[in-house]
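>>> Any chance you can model this:
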Amino acid sequence: MAAADHEAVPPGLDEPGRTVRRQRTDRSPEHAEPSRFLPHVQGLRAIAVLLVVLYHFWPGRLPGGYVGVDIFFVISGFLITGHLARELTATGTVRLGQFWARRARRLLPASLLVLLVCALVAASPYLMPVSGLQREISEIIASTFYVENWYLAFTSADYLNHAGDPSMVQHYWSLSLEEQFYVLWPLLMLLAAWIGVRFFRGRRLRAILVMLGLVSVASLVFCIVFTATDPAPAYFVTFTRMWEFGLGAIIALVPALRIRHAMGSFVLGWAGIIALVYTGFRFDASTPFPGYTALLPALGAAAVIAASNSDRWWYPTRVLSIRPMRFTGDISYSLYLWHWPLIVIAPSVPFWGLTIYHRVALLVICFVLAWLTKRLVEDPARGWRVLTRRPAKVTLWASLGAMLLVAGTAGGAWAMNAPAYQEGVRQLAELRVDPPACFGAAAVLDEACADQEPADTILPSPGFAGADKPVDEQCFVQLNDARPVSCEFGSEAADAPTVALVGDSHAFQLVSTFERIAEENGWRLVTYFKGACPWNPTPLSTSGAFGDACTQWREAVSAELAESAPDVLFTSALATTPYSSAGYDSSYDAAVAGYRAAWSTMTDAGIPVVTVVDNPVWETDPNKCLRTRDAAACDGARSDVLVADDPLRGAAEGQSGVTLLDFTDVYCDETTCFPVVGGANVYRDQDHLTVTFADTLAPQYAGAIREALAAAG
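From the prediction side, this is the model:
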């Protein structure tokens, strides 16, 4: 997020740097040089934060709103570079201690306040799942010391994938990257200024422009290549985003790029705004981002900054300067800080829902909290005399102390809940070995359990269900990875029947259960999984790099299956997968045709196929409700969570050699679907089954495979 500094541009690049009388270096004034307020930049900041906030509240309505962060990076590059260039021109150097102290007073008080609140929330097992406590605390500490982007990069987090349960502070990745910019950028400029004085007759700004230009070009090339090869970490690492700061810096350093001509400014400004709106609505999770596609929002933001003429009320500079836009820009930093934790926490609050009214109310609360934080924390902290009247090192040491306090609070939250975490681990281990009688699906499918009341205890507990997932992640490929990775489990005997388990994450959720089935029956299990990519040759409607990778993966897997010829193939898939309808009346028809085409490659060779109707898909993780309410209060309407026309069901109808399993009556009755069945916690997130519940369906899975093997001879 860009800090609320409003800077003018430096003098012409052809002028050698002129050193004037130096100011005292043992104090930390708020502004080393005069500045000029740029109201339309505040309006641009408002656009940026609204894109991000609305994207997080309604990702389906504004799927490309994540580009708001890129707008902030361009703004930061423009403002901070302009400030540093003026100080270099006026004094011949940059007082790094004072610069970093100003950044600390501007950014840390509000940031650490939100992190402290998140640490306290993490300590509550009612608001945060114990299963995610370790990750939550790790990310709070990483965010406190502004390395959250690297933490997410190293853990291969997928920011644009909304599945799972992201932490309260995941959005701090951009703040971490920006703080790293504040450290690196003045050092680069000082190095370039020294080179300018040493080798280019004192032309500091020209040397700075060349240096930052080279860094930006190198960063852009790296961004494009890294996004294409490894998109998950590419989204977070510092070097893939430096060019966006550099783009803003170039506008600050080259006054000629500030367009003051009336028509030129009008066209440039509105073109930039249109580009930003377009990306907000047209980009989505399948867009290869940042990569080359990030050029559009970054250049759009640069165009708005460069449009400088404000003579007429309809000019973009004037429209962005109206009071509501400036107000939103003023509170943008605190609004960004607060909105995501509240979104994550709200579903766990008793009596709070996810209706449109609740979301709008939460959005209003975010604005109120942001305004209060701006008035009571941000603004006062910038002028605290106890810090501003003392050397810069006082601010820096005080900042370190505050960071240690937050990290210590997060550590205390872990210490308080560590016993519950260990109990959850023990509980899961016991469930694997000795599940209760008439538990889970057996309560519905086993006639002997018809008259038995399920236990009151929910297993695994709602606070630990998120950890009840397969551990064989090396078998699961994601994003743009097209490799047909296979894993083998079970019997190693040469004559053991081979069962192939193929599909997306809804097939992967069964792998632990199928491993045990294979061991118990003397079968060999071979797996192929790719996230959001069912085994179906119909193209996805999500084009681009991910769609291409999915197509390549399917073709490679089909070739390997044809060569290896398993004895039976089991497949499942998310019912809501978006397929392209090209050539068909609907995407449903396209999906049905694709499944039949894939399965025929097996059935035509005498290999039976077993598939299963998909489980319900909830709007949010039911465990958030179960942690604070009775199970009955967390039920979902069947019409809301269950896809009425699962293409897997349609594809299996009337197909010889295909067996269809349908457990809809286990998950739901005629009107309602349940998050708890037979005392078993069904879901580990909004649409994936716990391994515990999948295990209770093992007799049905195993029985269907035995019958298919027997029928095949």
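>>> can you tell me how far residue 176 sits from residue 237?
11 Å (Cβ to Cβ, to the nearest Å). (C-beta placed from N, C-alpha, C; glycine too.)
>>> who touches both of those two?
Counting by Cβ atoms under 8 Å, 6 or more residues apart in numbering, the shared contacts of residue 176 and residue 237 are 149, 150.
>>> which residue ranges form the helices in the stretch 201-350 of the chain?
Ranges of helices in the stretch 201-350 of the chain, per DSSP state H, counting those that start in this stretch, are 204-229, 231-234, 242-253, 262-282, 295-306, 316-319, 323-330, 332-345.
>>> out of these, deepest packed?
Ranked by mean neighbour count, those are led by helix 242-253 with a mean of 26 (mean count of other Cβ atoms under 10 Å).
>>> surely residue 490 meets residue 520?
No: applying Cβ atoms under 8 Å, one finds residue 490 not in contact with residue 520, separated by 9.2 Å.
>>> And the two? Which one has more around it.
Neighbours around residue 490 and residue 520, counted as other Cβ atoms under 10 Å, are more numerous at residue 490. The numbers are 22 against 11.
>>> Could you name the specific helix or strand carrying the residue nearest to the more buried one when sequence neighbours are not counted?
Leaving out its chain neighbours, the residue that sits closest to residue 490 by Cβ to Cβ, 6 or more residues apart in numbering is residue 518, at 3.2 Å. Using DSSP states H and E, residue 518 sits in helix 511-521.
>>> what's the offset of that helix from the middle of its chain?
Relative to the mean C-alpha coordinate of its chain, helix 511-521 is positioned 33 Å out (Cα atoms, centre = their mean, to the nearest Å).
>>> How about stretch 75-88?
Worked out by Cα atoms, centre = their mean, stretch 75-88 lies 30 Å from the chain centre.
>>> What is the helix holding residue 518 packed up against?
strand 486-490, strand 498-503, strand 524-530, helix 691-696, helix 698-712 (3 or more Cβ pairs under 8 Å, 6 or more residues apart in numbering; DSSP states H and E).
>>> I'd like those as TSV, with mean pLDDT and distance to residue 374 appended.
Below are those laid out as TSV (pLDDT from 0 to 100; distance: least, Cβ to Cβ, whole Å):
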stretch	mean pLDDT	distance to residue 374
strand 486-490	96	52
strand 498-503	98	49
strand 524-530	97	45
helix 691-696	96	46
helix 698-712	95	56
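>>> what's the closest of these to residue 294?
When those are compared by Cβ to Cβ, strand 524-530 sits nearest residue 294, at 25.2 Å.
>>> Parallel or antiparallel, list what pairs with the closest one.
When pairing is defined by DSSP bridges, strand 524-530 lines up against strand 476-477 (parallel), strand 486-490 (antiparallel), strand 498-503 (parallel).
>>> Show me the contact partners of the last one.
Going back to what we said before, that points to strand 498-503. Contacts for strand 498-503 (Cβ under 8 Å, 6+ apart): 490, 507, 510-511, 514, 518, 523-529, 534-535, 557, 561, 564, 566-573, 705.
>>> I only care about these that end up buried; give me the ChimeraX line for that.
This is the ChimeraX syntax for the buried subset of the contacts of strand 498-503, where burial follows 16 or more other Cβ atoms under 10 Å:
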select :490,507,510,511,514,518,523,524,525,526,527,528,529,534,535,557,561,566,567,568,569,570,571,572,573,705
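>>> I'd assumed residue 588 was in contact with residue 650.
Yes: at 7.1 Å, residue 650 and residue 588 qualify as touching, with contact defined as Cβ under 8 Å.
>>> Run through the strands of this protein in chain order.
476-477, 486-490, 498-503, 524-530, 568-572, 609-612, 636-637, 658-661, 672-673, 676-677, 680-681 (DSSP state E).
>>> before we move on, back to that, distance to residue 281 added to the helices and strands packed on helix 511-521, as TSV?
Shown next, in TSV, are these (distance: least, Cβ to Cβ, whole Å):
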stretch	distance to residue 281
strand 486-490	39
strand 498-503	31
strand 524-530	28
helix 691-696	38
helix 698-712	42
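>>> Can you show me the helices along the stretch 51-200 of the chain?
Assigned by DSSP H, counting those that start in this stretch, the stretch 51-200 of the chain shows helices spanning 68-91, 96-122, 133-144, 148-154, 172-199.
>>> Of those helices, flag the one that's most buried.
Mean neighbours per residue, mean count of other Cβ under 10 Å, is largest over the helices of the stretch 51-200 of the chain for helix 68-91, with a mean of 26.
>>> Could you check the pLDDT of residue 88?
On the pLDDT scale, residue 88 is placed at 90.
>>> Distance check, it against residue 181.
17 Å.
>>> how deep is the closest residue to residue 520 other than its chain neighbours tucked in, by neighbour count?
Among residues not flanking residue 520 along the chain, residue 702 sits closest, at 7.6 Å (Cβ to Cβ, 6+ apart). By other Cβ under 10 Å, 19 other residues sit near residue 702.
>>> which helices and strands sit right next to the longest helix anywhere in the chain?
Determined from DSSP state H, the single longest helix within the chain is helix 392-433. Other helices and strands packing on helix 392-433, by 3+ Cβ pairs under 8 Å, 6+ apart, are helix 96-122, helix 133-144, helix 385-388, helix 691-696.
>>> Give me the mean pLDDT for it.
Mean predicted confidence for helix 392-433 is 91.
>>> can you check stretch 61-79 too?
95.
>>> on that earlier part again, turn the strands of the chain into JSON lines, columns for distance to residue 329.
Shown next, in JSON lines, are the strands of the chain (distance: least, Cβ to Cβ, whole Å):
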{"stretch": "strand 476-477", "distance to residue 329": "42"}
{"stretch": "strand 486-490", "distance to residue 329": "51"}
{"stretch": "strand 498-503", "distance to residue 329": "46"}
{"stretch": "strand 524-530", "distance to residue 329": "42"}
{"stretch": "strand 568-572", "distance to residue 329": "48"}
{"stretch": "strand 609-612", "distance to residue 329": "51"}
{"stretch": "strand 636-637", "distance to residue 329": "39"}
{"stretch": "strand 658-661", "distance to residue 329": "55"}
{"stretch": "strand 672-673", "distance to residue 329": "44"}
{"stretch": "strand 676-677", "distance to residue 329": "46"}
{"stretch": "strand 680-681", "distance to residue 329": "44"}
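>>> can you tell which of these is closest to residue 43?
Per Cβ to Cβ, nearest to residue 43 of those: strand 636-637, 41.3 Å.
>>> Pull the number of nearby residues for residue 459.
24.
>>> Tell me which residues touch the residue nearest to residue 490, please.
489, 490, 491, 499, 524, 525.
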